[in-house]
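Undergrad: need coordinates for the following:
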Amino acid sequence: MMDGDISVDTEPGMGSQFTIRIPLYSAQYPAKATVDGLSDKRCWLAVHNASPE
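TA: Next up is the predicted model:
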């Protein structure tokens, strides 16, 4: 949908790892306030939940 992908790796009794990749493209009309240097950067989000609900 956004030229990205989603993958899931799971191990019974251990949990699951979800990976989401969404490429960042330059805006046609960039905002006045910009943050330089974010291109080609990775962001990691780790959520640990002992009891899945």
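
Undergrad: so which residue is dead centre in this structure?
TA: The centroid of the chain falls nearest to Ile20 when counting by Cα atoms, centre = their mean (4.4 Å).

Undergrad: list the contacts of that residue.
TA: With contacts taken as Cβ atoms under 8 Å, 6 or more residues apart in numbering, Ile20 has the following neighbours: Gly4, Asp5, Ile6. C-beta coordinates here come from the backbone N, C-alpha and C atoms, glycine included.

Undergrad: next, Ile20: secondary structure please.
TA: strand (DSSP: H, G, I helix; E, B strand; the rest coil).

Undergrad: that older thread, in helices only, show me the contacts of Ile20.
TA: Residues of the contacts of Ile20 located in helices (DSSP state H): none.

Undergrad: just the buried subset of the residues you listed, please.
TA: For those, a neighbour count by 16 or more other Cβ atoms under 10 Å gives an empty buried set.

Undergrad: go through those residues and name the one nearest Leu24.
TA: If you rank the contacts of Ile20 by distance to Leu24 using Cβ to Cβ, Gly4 comes first, at 10.1 Å.

Undergrad: from Ala46, how far off is the closest residue to the closest one other than its chain neighbours?
TA: The spatial neighbour of Gly4 that comes closest, neighbours along the chain excluded (Cβ to Cβ, 6 or more residues apart in numbering), is Ile22 at 3.9 Å. Separation of Ile22 from Ala46 (Cβ to Cβ, to the nearest Å): 18 Å.
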